[in-house]
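S.K.: quick one: sequence and predicted model below, then my questions.
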Amino acid sequence: MNKMNRRNFIGKAAAGAAAVTIIPRHVMGGKGFVAANDRINLGYIGTGKQVSTLLNGIGKCKETAAVAACDVFKSKLDNFVQSANKNNTNKGLNVKVEPYHYYRELLERSDVDAVVIVTPDHWHAQIVVDAAKAGKDIYCEKPLSLTVAEGRAMVNATRKYDRVFQTGNMQRSWRDFRHAVELVRNGYIGEIKEINVSVGEPVKQCDLPTQSVPEGLDWNEWVGPTLYRGYHEDLAPLSTNGPWAWWRGYRDFGGGLITDWGAHMFDIAQWALGMDDSGPVRFLPPSKPEQTHGLTMVYENGVRVNHKLWGGKEDGNAVQFIGTDGRIEVSRGFLRTFPDKNLAKADLKPTDKRVYFSDNHYQDWVDAMKKRTKPISDVETGHRTASVCNITNIAYELQRPLLWDPKAEKFTGDEWANMMLTRPYRGKWDFTKF
């Protein structure tokens with residue numbers, strides 16, 4: 001921030017957004033409009049372990065080209081630029097990726113049509129709001145937000161500036177999860193009474209000791225809007241070849257496995273229940289404070305969703321639907337149906353309701369940008385799933401039942417809990433200004 005003109009950025013962003021708001025690009029076909037056969041120029045913000053998956057996936061979409069990338073860890077940025085340039089060459093594109101240290105400099109580029117946000121969770125809201133203001137379409141990794149307030153701000157900014165937004169809940173584009181949801185919605189196992197979601201533990205306070213900051217990492221910028229703490233290699237490993245960075249396990253950076261894997265598995269429960277614009281109304285934590293599983297959330301229709309290790313260790317992260325006439329179990333490794341085991345592979349009837357037809361989450365985003373429509377995991381959908389996860393963490397931490405109003409997005413009769421719907425931002429960062 002200290003090396004760029006923030007006023008200049010905001011002025012350009014406001015002017016560009018105003019033009020889009022008054023006369024949509026797809027109507028005028030003016031500068032920045034992506035026609036059906038034109039290239040979509042992408043800027044990647046965050047170049048850690050997950051970015052290679054996205055580069056490979058989005059890069060396979062023929063319409064796309066990586067033109068810019070940003071990270072505050074120089075070695076990771078350099079490695080990504082090399083990979084992205086190779087990807088462009090393999091696609092026959094004579095395009096070189098420009099590296100940036102500050103993401104707002106990347107957003108100032110008029111030739112960047114969309115951004116792919118692959119930062120740790122604590123950065124998502126600020127970057128999304130700034131990207132929307134700058135007139136960029138957005139792909140943002142899950143979990144969408146670190147707090148409920150951040151998620152709502154991301155929705156509002158996306159809508160205000162008329163952006164196309166895809167959340168990285170890519171399981172919606174996988175056949176087994178889609179088939180499980182369609183079986184549930186079409187009543188193949190009767191009326192749903194209960195759903196068990198098997199994912200890991202809630203968030204915890206960061207208790208890591210401070211280590212020396214490695215060369216090439218701007219740690220102050222990595223921490224960004226979050227309250228400052230010292231560097232530790234578990235938060236930002238030197239290499240992307242080892243285990244996943246564990247910033248995701250600690251408050252102020254991530255939400256534990258509740259948000260990391262819950263953003264995938266609770267998302268499937270939300271989808272099956274038709275709750276993409278709503279959520280549960282009660283959260284009931286377990287009775288013992290040391291328990292890391294056992295919370296139940298209750299929807300207005302009486303369906304109970306349990307955070308529960310319901311299967312064997314080999315089943316891993318998975319969802320179990322229990323209906324009056326049967327059971328469906330789904331994960332990334334299996335789709336099982338009971339008592340009729342043939343349902344897992346059976347074709348739906350022509351009269352059944354379908355939810356989605358694409359097997360490519362990235363192409364779905366690209367197609368939505370070209371058509372100016374909503375993709376399968378629109379920002380509101382991503383926000384509602386992230387909210388379920390974030391509220392689950394709040395209930396575990398407060399250790400008392402919580403009444404939730406999904407329309408107002410507030411707790412009823414619990415102001416302490418309402419205070420936890422947002423968090424303090426450090427310095428001059430402020431995700432609410434858009």
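M.R.: Yes, it's here. Residues are numbered from 1 along each chain as shown.

S.K.: when you work out contacts or count neighbours from here on, use the C-alpha atoms and nothing else.
M.R.: Noted.

S.K.: distance of residue 114 from residue 217?
M.R.: Applying C-alpha to C-alpha, to the nearest Å, one obtains 26 Å for the distance of residue 114 from residue 217.

S.K.: swap in residue 303?
M.R.: Distance of residue 303 to residue 217, given as C-alpha to C-alpha: 47 Å.

S.K.: returning to what we had before: compare residue 114 and residue 217 and say which is more crowded by neighbours.
M.R.: When residue 114 is set against residue 217 and neighbours are counted by other C-alpha atoms under 10 Å, the residue ahead is residue 114, at 27 against 18.

S.K.: list the contacts for the more buried one?
M.R.: Taking C-alpha atoms under 8 Å, 6 or more residues apart in numbering as the contact definition, residue 114 lies against 40-43, 136-139.

S.K.: out of these, give me the one that has the most neighbours.
M.R.: Neighbour counts for the contacts of residue 114 peak at residue 136, which has 30 neighbours (criterion: other C-alpha under 10 Å).

S.K.: didn't that one look like it was pressed against residue 163?
M.R.: Yes - under the criterion of C-alpha atoms under 8 Å, residue 136 lies in contact with residue 163, with a separation of 6.8 Å.

S.K.: just want the most central residue of this protein.
M.R.: For the chain, the residue lying nearest the average C-alpha position, counting by C-alpha atoms, centre = their mean, turns out to be residue 142 (2.2 Å).

S.K.: need the per-residue pLDDT for that residue.
M.R.: pLDDT, residue 142: 98.

S.K.: secondary structure class for it?
M.R.: coil (DSSP: H, G, I helix; E, B strand; the rest coil).

S.K.: not counting sequence-adjacent ones, nearest residue to it?
M.R.: Nearest non-adjacent residue to residue 142, counting by C-alpha to C-alpha, 6 or more residues apart in numbering: residue 168, 5.1 Å away.

S.K.: what about that neighbour, how many neighbours?
M.R.: 25.

S.K.: gap between it and residue 358?
M.R.: Look at residue 168 and residue 358: by C-alpha to C-alpha, they are 15 Å apart.

S.K.: same question, residue 272
M.R.: According to C-alpha to C-alpha, residue 272 stands 17 Å off from residue 358.

S.K.: again, but for residue 116
M.R.: 20 Å.

S.K.: more crowded one of these two?
M.R.: The residue with more neighbours, out of residue 116 and residue 358, is residue 116; 25 against 15, by other C-alpha under 10 Å.

S.K.: that's a strand at the more buried one, yeah?
M.R.: Yes - assigned with three-state DSSP, residue 116 falls within a strand.

S.K.: that one touches residue 44, doesn't it?
M.R.: Yes - the criterion here is C-alpha under 8 Å, and residue 116 meets it with residue 44 at 4.8 Å.

S.K.: what's the burial count for residue 383?
M.R.: Other residues lying near residue 383 total 30 when counted by other C-alpha under 10 Å.

S.K.: my error: substitute residue 220 in the last question.
M.R.: That count, for residue 220 with other C-alpha under 10 Å as the rule, works out to 14.
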